[in-house]
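S.K.: Compute the structure for the input listed below.
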Amino acid sequence: MRIHRLRVTAFGPFGTGQEVDFGELSAAGLFLLHGPTGAGKTSVLDAVCYALYGGVPGARQGSGLSLRSDHADPLAPTEVLLDLTLGGRRLEITRRPEQPRPKKGGRSGFTRDKAQSWLREKDPDGWRALSRSHQEIGVEIQQLLGMSKDQFCQVVLLPQGDFARFLRADAEARGKLLGKLFDTRRFAAVEERLAGLRRAAEKEVISGDDQLLRLAHRMAQAAGSTADLDGHPFPDVAQGEPGLAEAVLEWAAVARTSARERRDIAAAAARAAESAHHA
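M.R.: So this is what the prediction gives:
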């Protein structure tokens, strides 16, 4: 988002029309909004927020009457105009809150004008009207900005102590907010995909371990008590434990070697018995 121009009339402390050329200020790359208490610094930020979302931050949110300057001419309507580039589009948002207006025809008293909103977009042929619907404009701006009013106020404005509140927020609240701001959904999708692959791999490992243990137990049963010879008992391991395959294969190698030795001894004894018989 790049703000080019802000114009306020009868808004907050500004009784008359005031305009801020942010394009000129931004040319220096960095600028400071400063002034004495009550000069209207916060009201400038309020005006930006009001133009975008039709409301001001947090505790300062109130009726349209609260946005109207006490110093304004009764005939001057409270209005905020924001000229900005958003999502590569040059837009102009104008908003007027619900506010009192002197009755026409010289009659005494006031009537109330309803809140009004206008959204225009600049194209090669000039400014083109897009909408006068509060809801349509709100949806369009929120989609382009990618954040709600509360999120915008927490992250972009953070006025007068709200930054400390953001820092004190719990990890879950900050995580959700930052995740939406920086669109971490794609990383969450990758994380979920990797978690799914991990779960599938774990199932395969457990299945393979189970099959390996069954075969090893059959080998142990076939080998009998001699499988514990030479201080190599059957490994005490369960499916999924690290090193299971190595432990079972090591035991199997020892058992196989022991079985071969017993076979060779038995064969030699058989040959000796046969020779003695023939003698």
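S.K.: measure stretch 6-20 end to end?
M.R.: One end of stretch 6-20 sits 5 Å from the other (C-alpha to C-alpha, to the nearest Å).
S.K.: Let me see the domain layout of the chain.
M.R.: 2-145, 201-278 (automatic domain parsing).
S.K.: mind checking which of these is nearest L167?
M.R.: Smallest distance to L167 across those (C-beta to C-beta): 16.2 Å, for domain 2-145. The C-beta positions use only the backbone N, C-alpha and C, and glycine is treated the same way.
S.K.: any idea where the strands of this protein begin and end?
M.R.: Here the chain has its strands, by DSSP state E, at 2-9, 18-21, 79-86, 89-96, 99-102, 110-113, 116-123, 126-131.
S.K.: which one of the domains of the chain has the lowest average pLDDT?
M.R.: Sorting the domains of the chain by mean pLDDT places domain 201-278 lowest, at a mean of 75.
S.K.: Give me the distance between the two termini of that domain.
M.R.: End-to-end distance (C-alpha to C-alpha), domain 201-278: 62 Å.
S.K.: now that domain, how far from the centre of its chain.
M.R.: Counting by C-alpha atoms, centre = their mean, to the nearest Å, domain 201-278 is centred 54 Å from the centre of its parent chain.
S.K.: Bridging across strands, which residues link to L86?
M.R.: Legend: beta-bridge partners of L86 under DSSP bridges are R89.
S.K.: ok, it - how many residues close by?
M.R.: 19 (other C-beta atoms under 10 Å).
S.K.: That one contacts I141, doesn't it?
M.R.: Yes - using C-beta atoms under 8 Å, L86 is in contact with I141, at 7.4 Å.
S.K.: so how far is T9 from A76?
M.R.: 6 Å (C-beta to C-beta, to the nearest Å).
S.K.: Determine the residues that are contacts of both of those two.
M.R.: Counting by C-beta atoms under 8 Å, 6 or more residues apart in numbering, the shared contacts of A76 and T9 are 16-17.
S.K.: Who has more neighbours out of these two?
M.R.: T9 (20 against 16).
S.K.: Check this structure and tell me which residue is nearest its centre.
M.R.: G179 (1.2 Å; C-alpha atoms, centre = their mean).
S.K.: mind listing the helices for the stretch 101-250 of the chain?
M.R.: 134-145, 149-152, 162-168, 171-181, 185-223, 244-278 (DSSP state H, counting those that start in this stretch).
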